[in-house]
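A.B. asks: sequence first, predicted coordinates after that:
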Amino acid sequence: MDLIKSFEDKKTVPVTTLVKEMMKVELTPFADFRKNTNSMQPPAQQVAIGIDLGTSYSSVAICEPDGKVRVLNNSQNSPTTPCYIRLGAEDVVGEVAKSQALIYPSSTIFDAKRLVGRSYNDPNVQEDMKGWPFTVASDTSGTAVVEVDGNVYAPDTISAKLLTKLKEDAEAKLGKTVTSAVITVPAYFKDAQKQATKDAGIAAGLNVIELLTEPTAAAVAYSRDITLGEEKKILIFDFGGGTLDVSIISIHESDVTVLVTGGDNHFGGKDIDTKLMDYCMTKFNATNPNVDFFDGMYSTDPPVKEQYNRRLRRLRNECEKTKIALSVCSSTMVALDGLIVQGTTSLDLNVKVTVDEFNAMNATLFRRCISFVGRALMDGNLTKSDIDDVVLIGGSTRIPKIQRMLQDFFDGKPLNGRLNPDEAVVIGAAIRAGASHGYESVRTTIHDVTPMSIGIKLNGVFSIVFPKNSKYPNENTKSYMALGNKKTEVEVSIYEGEDMNAVNNSLLGKFILAGIPTTGKFQRVDVTMALDANGLLLVTARCEGNGVTKALTIRHRRLGWKNNFPHIYNERT
């Protein structure tokens, strides 16, 4: 039996006795677990770190008891670690893997964050595959995986190898064992992507205290400089290598309240690199009409395929450097000797790129960046004048054109350059990790919103119960009509996303409400979603006719409790 129509509009209702009892049943095991193990507050002798797990680069920081934060250098004495992993008999992670990517293009994996929690048939994955020299395949469940020398690696396994490297480098720097971490994720990460990140942390031997959204982490770092009694609304524009997050956050002393969040978890500086690569390949093919840059792309001959992969890797490296150079120069050259070798003929690539040409080829992408800013203001019913500060986070915000467009959008308001765009996120993560140790000087309270809408499937349509940017804790109820005929049960499927077609969104869970009276008449079914302060979602369905009730607890949307506390992920009648 299907739920066939909404009986009344969504409404906010007080917490009912039924829901209170169910929440008590669900949360008591966790409370006992926390009391017995104190897992959320590591003992003082243990070390908790903050990790900014990026698409292009990652970093680690630690908060001292006095509130001071140190960004830790890695084994190469650098504050950032490239997100490159060479897979093989002996894994190589970081700078060495990146420097040798030209030698081992097919086994050196990067951009793994863009694969996390995605299916192989995801259009974004299919598009990215065109620019990757390594092989992406589908596992038996349709999830995107990486294949190297006949071995299959899940994206979270690759992320776990990177996290292990970050953990080991931090331990070497501190001379202590790292047991726990706060790991940052894009604000617009879906539930499956958050869970995959949590799984990677666990696989790396970390107790993941919290998955903290990147803009919120930056706001926590920003809050250190808020004076007593001061309140500010800031817009965090976080444009990294693979994601764009735009969040509007209110900060009052140690209280950080997310008002609006939006963005695209598959849009970043890598896409700008790709535009520049396309430009160079077009120029190369125009100069060499009898040669195809893409020759070998789909070859089944390993040496030919490897030549193409190496060529692609060389061009991507050079385009990334060119993008960075154009932030300080008016023009530069993309120059690669012997890009294609045919017999005794060696063909070079020499393409001059000016800032104006660079801006023109990326004009659509830059306008798209600004569109998310306007949308965030609209979603929050705010005006430009309501924003006290515009804070830039992420390496891609160094592009001068983006800075000018942001400043123009805000009518000439100076952009806040107080925070280091490469370190703000990891500093915020470290502060939260320090707070988990009980450091009072860095204790902050975070009030968050749902980054995406949450609802159920109704005749294939997505019926929203919690709209995007809903504050929590909160409880909403919607009532539906089900036809009690021959079937005595209805399926309640819970999704998150924004697509009106329910199945195009992410499935969070589902359950069957059985025992519907077979009266042949419509039966009212109330679906209640209760989201607590920690993001624990309890969904209940109740048939008004006879009171039969079914409930499903969906794991913590920020921490991914399902792994740590399997006893509170279940259905109850």
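C.D. replies: Ah, there it is.
A.B. asks: I'd guess residue 275 is in a helix, am I close?
C.D. replies: Yes - counting by DSSP: H, G, I helix; E, B strand; the rest coil, one finds residue 275 located in a helix.
A.B. asks: if I look at it, how far off is residue 49?
C.D. replies: Going from residue 275 to residue 49 by CB to CB, to the nearest Å gives 35 Å. (C-beta placed from N, C-alpha, C; glycine too.)
A.B. asks: between the two, which one's more packed in?
C.D. replies: Neighbour totals were compared for residue 275 and residue 49, and residue 49 leads with 27 against 17 (other CB atoms under 10 Å).
A.B. asks: on the three-state scheme, the more buried one is what?
C.D. replies: Under the three-state scheme (three-state DSSP), residue 49 adopts strand.
A.B. asks: ok, now which ones touch it?
C.D. replies: Contact analysis of residue 49 by CB atoms under 8 Å, 6 or more residues apart in numbering lists 60, 61, 62, 72, 167, 170, 178, 180, 181, 182, 430, 433.
A.B. asks: and which of these is nearest to residue 502?
C.D. replies: Taking CB to CB as the measure, residue 502 sits nearest to residue 182 out of these, at 33.2 Å.
A.B. asks: what helix or strand is that closest one located in?
C.D. replies: strand 178-185 (DSSP states H and E).
A.B. asks: over to residue 156?
C.D. replies: Judged by DSSP H and E, residue 156 forms part of helix 155-174.
A.B. asks: now residue 321
C.D. replies: Going by DSSP H and E, residue 321 is part of helix 302-325.
A.B. asks: tell me the helices and strands packed up against that helix.
C.D. replies: If you count contacts as 3 or more CB pairs under 8 Å, 6 or more residues apart in numbering; DSSP states H and E, helix 302-325 packs onto helix 269-287, strand 331-342.
A.B. asks: hey, which of the ones you listed is tucked in deepest?
C.D. replies: Neighbour counts (mean count of other CB atoms under 10 Å) averaged over each of those peak at helix 269-287, with a mean of 19.
A.B. asks: for that one, packing partners?
C.D. replies: With contacts taken as 3+ CB pairs under 8 Å, 6+ apart, helix 269-287 sits against helix 302-325, strand 331-342, strand 345-354, helix 355-361, helix 363-379.
A.B. asks: so which of these gets nearest residue 67?
C.D. replies: helix 363-379 (30.4 Å).
A.B. asks: the closest one: how far from the chain's middle?
C.D. replies: Its chain's C-alpha centre and that of helix 363-379 lie 18 Å apart, by CA atoms, centre = their mean, to the nearest Å.
A.B. asks: surely residue 402 touches residue 367?
C.D. replies: No - contact criterion CB atoms under 8 Å: residue 402 and residue 367 do not qualify, at 10.5 Å.
A.B. asks: of these two, who's got more company?
C.D. replies: Neighbours per residue (other CB under 10 Å) separate residue 402 from residue 367, with residue 402 holding more: 22 against 10.
A.B. asks: that's a helix at that one, yeah?
C.D. replies: Yes - counting by three-state DSSP, residue 402 falls inside a helix.
A.B. asks: from residue 395, how far off is it?
C.D. replies: Residue 402 sits at a distance of 11 Å from residue 395 (criterion: CB to CB).
A.B. asks: residue 272 too?
C.D. replies: The gap separating residue 272 from residue 395 is 11 Å, by CB to CB.
A.B. asks: ok, residue 262 - contacts?
C.D. replies: Residue 262 makes contact with 187, 188, 245, 246, 247, 372, 375, 376, 379, 451, according to CB under 8 Å, 6+ apart.
A.B. asks: what's the burial count for residue 303?
C.D. replies: 8.
A.B. asks: what's near enough to touch residue 462?
C.D. replies: Shown here is residue 462, whose contacts under the criterion CB under 8 Å, 6+ apart are 453, 455, 456, 495, 497, 499, 500, 501, 502, 505.
A.B. asks: what's the offset of the host helix or strand of it from the middle of its chain?
C.D. replies: Using DSSP H and E, residue 462 sits within strand 461-466. For strand 461-466, the separation from the chain centroid amounts to 23 Å (computed by CA atoms, centre = their mean).
A.B. asks: pLDDT below threshold where in the stretch 451-573 of the chain?
C.D. replies: For the stretch 451-573 of the chain, the stretches with pLDDT under 70 are 483-486, 533-535, 555-573.
A.B. asks: would you map the strands across it?
C.D. replies: Secondary structure of the stretch 451-573 of the chain, counting by DSSP state E, counting those that start in this stretch: strands at 453-458, 461-466, 474-483, 489-497, 506-514, 522-531, 537-543, 549-554, 571-572.
A.B. asks: do the stretch 101-250 of the chain as well
C.D. replies: 108-109, 135-138, 144-148, 151-153, 178-185, 207-213, 231-239, 244-252.
A.B. asks: so what are the sheet partners of the third one and their directions?
C.D. replies: Here strand 144-148 is paired, per DSSP bridges, with strand 135-138 (antiparallel), strand 151-153 (antiparallel).
A.B. asks: nearest to residue 204, out of the ones you listed?
C.D. replies: Closest among these, using CB to CB: strand 151-153, at 14.5 Å.
A.B. asks: I'd guessed residue 532 sits against residue 472; true?
C.D. replies: Yes - Residue 532 is in contact with residue 472 according to CB under 8 Å; the separation is 7.1 Å.
A.B. asks: can you pick out the residue with more neighbours from these two?
C.D. replies: Higher neighbour count among residue 532 and residue 472: residue 472, with 19 against 16, using other CB under 10 Å.
A.B. asks: what's the neighbour count on the residue lying closest to that one once chain neighbours are set aside?
C.D. replies: In this structure, residue 472 finds its nearest non-sequential neighbour in residue 531, 4.1 Å apart by CB to CB, 6 or more residues apart in numbering. Residue 531 is flanked by 23 other residues according to other CB under 10 Å.
A.B. asks: these two touch, right, residue 531 and residue 466?
C.D. replies: Yes - between residue 531 and residue 466 there is a contact under CB under 8 Å: 6.6 Å.
A.B. asks: could you name every residue contacting both of those two?
C.D. replies: 450, 454, 474.
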